[in-house]
Each structure stands twice: as structure tokens, then as C-alpha cells.
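> compute the structure for the input listed below.
(one chain, ligands or ions: 1)
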Amino acid sequence: MGLLVDGKWHDTWYDTKSTGGAFKRSAAQFRNWLTADGSAGPSGKGGFNAETDRYHLYVSLACPWAHRTLIFRELKGLNKHVSVSVVHPDMLDKGWTFETDDHGATGDTLHGLGFAHQIYTKADPTYSGRVTVPILWDKKQQTIVSNESSEIIRMFNSAFYGITGNADDYWPEQMRDEIEEVNARIYSNVNNGVYKSGFATSQQAYDAAVDPLFETLDWLEDRLASNRYLMGDRLTEADWRLFTTLIRFDPVYHLHFKCNRRRLIDYPNLWAYTRELYQWPGVASTVNIHHIVRHYHYSHESINPHRIIPTNPILDYMEPHGRGQRPAA
Ligand SMILES: N[C@@H](CCC(=O)N[C@@H](CS)C(=O)NCC(=O)O)C(=O)O
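Numbering: from 1, shown residues only. I've put the predicted structure just below:
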């Protein structure tokens, strides 16, 4: 694990010394928006209009943030329009690589490069910062459109309507304020909360992460007792953002990130809800438990120095979820 400084790769782990042992995630730097007509989005430059076979997504199947973008690519019928490369699950001293000696790792099918950091320096030879996935690449302008998953899913939600005719809307205008509120709590305490727990290097930082994590899971369990989805009857981006953390919870976060007050399967509503989303058409094909388990345990040497891959809980994601008839999105 490392980062680029002025376009040069440095092999350094997250710095938690300056923050009392707490993990602080840095903000993504490429913030352009792909839009239907190429107009600029809420941030960044314009000129990225929706076109078939123009954009390429670099993902890790292990990564919950990249996983969101893969789900939206499926749900929005973009498989034929946006191509994908999958990195190797082991993220070691050179960061994400395009090695192919693991089932599902495709290599860099677009440029044939060896490392994800080379995609960043191809876009900006003097880039300084972390080299994260997902990366949305523009084949036409030869640059990175965005490396922020929460924004890529909104682009996929709406930009390609003219090409695909897929009008499913996971960010409905009238629900946006409430979605943002729920997203914010889930992001801080659950999506990023598991990382804050797992990457903490002081007891205090760990305690400060793990308590809000389980308080929020309790709150979600209650909410899902009387609501089919987070926003009621309608499935929205808030559900997909939560799902990619929940599906990793028992296989990885519970043990590896010390999120072990309860397991996901101890929450009847959350567990059934996770199974429902897993069983949603197209979604199971985006879940690769092998990459998930392998990546975290093998890559995070400071947490698991002997790189032993633990045996996994046996979970049946296809068990009937019992959460009623599925309404249209
Ligand atoms: N803000 C980013 C975060 C992405 C992210 O942190 N991805 C992780 C993988 S799960 C990564 O690539 N980490 C490498 C690093 O931090 O050096 C997003 O949501 O797109």
C-alpha cells in the first residue's frame, strides 16, 4: 500500500500518528461528471458526454466503493456500454496491480499497464495522493473522469438514459434530502466506520469507531423492521451503498476489522435485507467473496502479519429472504 508524490510511487501505509491513531480517509481528487450532453456537473469540467464504448471502469472486486459502481453498471444496463478491468486482489508494496494470476483479475484490458498508479500518472504525471479504485477513465480525452464512487453511481443513474432507455431512478428528486441524511450517517458510521474500526492504531480511536457502528446497525435493524428498504417501498442508492458493506461484514469486517459485537446474521432484518439485495437481478454476479476475503486478509500486513486467510463463515445468500413482493425500482 502506498501513494504517489509528484507522480512518483512511495510505499507507505496510512499515517495515523498525527491523528491519535484514527484513520482519516482522504478526499478523491478527480471530480468531473459524465453527463448526458457533456455539460459540467456539480464539480469539475464539462466535456464528458455519455457515449457508448467511451468510458472504462477500473475496479477491485474486493472494494466496497468500487462494488457500488459495478452494481450500478448492472442495474442501469451499462455492461455493453462501459468496459471494465478488474485488479488483482492482493494490494501490496506497489498498490493495486494488474497481475492476472487470480481468477477474476482481468489485467488492464485497456492499456496493458502493470499498476493502477500508472493510470493516475497517465491522467496527471504530477499527481500526488492515494491511488484508489474505482477509477472512471475516458478513452477519448485519455484522462480520469472521476475516482469518487458516490458520484460515479449518480452519473450511471442518469447520464445514459438516451442510450439505454433505462429509466430506473435510484436517486429520485423528491427523496434527495432524506437520502443524503441517511447516507451521511451510514457513510460515517458504517461504510467508513468499519475502516475506522479496523485501521485504528489506538484503543481510543477503535472505541470511537466501533460504538457508533453498532448503534447505527441497531438503528438500521429497527428501520428495516417496518420499511422494506431504507426509504420505504422504494429502492434507492442508499440501499446499494449500504449493501456493499453488509455483504462484507461477516466474511471480513467482523474478524479482520474487529467489528465483532454482533455478526450481520444476528440482525434478522438486516440479514434478510442483505439477501434480498444479493438476489436482485444482476447483483450476485458483482459479488466475489474470494476476492473480498483474500484482499483484506492478505494485503493488510499490519493487521494480519502472517497473511493467513481464515476459514469463512458458511453463509447462504440465496436463502429465501421473505421480504414480500418486489416493487419496480
Ligand atoms: N472515495 C473513494 C474511496 C475509494 C477507496 O478508498 N478505495 C480503496 C479500496 S476499498 C483503495 O483503493 N484504497 C487504496 C489506498 O487507499 O491506497 C470512493 O468512494 O470512490
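> okay, how far is it across stretch 7-20, tip to tip?
29 Å (CA to CA, to the nearest Å).
> and the chain, which of its residues are near the ligand?
With the criterion set to CB under 6 Å from any ligand atom, the chain comes near the ligand through 1, 28, 60, 63, 65, 130-134, 147-150. In short, each C-beta sits where N, CA and C put it, glycine included.
> out of those residues, which are inside helices?
Among the residues of the chain next to the ligand, DSSP state H puts Trp65, Ser149, Ser150 in helices.
> can you tell me, leaving aside adjacent residues, what's nearest to Lys45?
Nearest residue to Lys45 in three dimensions, chain neighbours excluded: Asn32, at 5.4 Å (CB to CB, 6 or more residues apart in numbering).
> hang on, I meant Gly41
Computed as CB to CB, 6+ apart, the closest residue to Gly41 that is not its neighbour in sequence is Trp33, at 2.3 Å.
> so what's the one you found up against?
Listed by CB atoms under 8 Å, 6 or more residues apart in numbering, the contact partners of Trp33 are Ala40, Gly41, Pro42, Ser43, Gly44, Phe48, Val145, Ser146, Glu151, Met155.
> helix/strand/coil for it?
Three-state call for Trp33 (DSSP: H, G, I helix; E, B strand; the rest coil): coil.
> mind putting the ones in helices among the residues of the chain next to the ligand in a markdown table, pLDDT and neighbour count included?
Listed next are those as a markdown table, based on pLDDT from 0 to 100; neighbours: other CB atoms under 10 Å:
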| residue | pLDDT | neighbour count |
| --- | --- | --- |
| Trp65 | 98 | 24 |
| Ser149 | 98 | 26 |
| Ser150 | 98 | 16 |
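> find the centremost residue of this structure, please.
Nearest to the mean C-alpha position of the chain, by CA atoms, centre = their mean, lies Trp65 at 1.2 Å.
> distance of that one from Ser146?
Going from Trp65 to Ser146 by CB to CB, to the nearest Å gives 12 Å.
> spit out the contact partners of Asp6.
Asp6 makes contact with Thr126, Ser128, according to CB under 8 Å, 6+ apart.
> low pLDDT regions in the protein?
For the chain, the stretches with pLDDT under 70 are 325-329.
> which stretches in it count as helices?
Using DSSP H, helices in the chain cover 64-75, 117-123, 149-158, 161-164, 176-186, 193-199, 203-226, 237-246, 254-256, 268-279, 289-299.
> right, and these - which one's nearest Asp93?
With CB to CB as the criterion, Asp93 lies closest to helix 289-299 of the helices of the chain, at 10.3 Å.
> next, the angle from the closest one to helix 64-75.
160 degrees (axes from the mean of the first three to the mean of the last three CA atoms, to 10 degrees).
> I'd like the ones in helices among the residues of the chain next to the ligand as TSV, with distance to Leu220 appended.
Shown next, in TSV, are these (distance: CB to CB, whole Å):
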residue	distance to Leu220
Trp65	19
Ser149	20
Ser150	18
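> and which of those is nearest Val86?
Among those, Trp65 lies closest to Val86 (CB to CB), at 14.3 Å.
> quick one: contacts for the residue nearest to that closest one when sequence neighbours are not counted?
Spatial nearest neighbour of Trp65, chain neighbours left out: Ser149 (4.0 Å); criterion: CB to CB, 6+ apart. Residues counted as contacts of Ser149 (CB under 8 Å, 6+ apart) are Trp65, Ala66, Arg68, Thr69, Pro134.
> one more pass at 10 Å, please.
The contact partners of Ser149, taken as CB atoms under 10 Å, 6 or more residues apart in numbering, are 28, 59, 63-70, 72, 132-134, 136, 191, 241, 244.
> swap in Asp218?
By CB under 10 Å, 6+ apart, the residues touching Asp218 are Arg261, Arg262, Tyr267, Leu270.
> what is the nearest of those residues to the ligand?
Nearest to the ligand among the contacts of Asp218 is Leu270, at 21.2 Å by CB to the nearest ligand atom.
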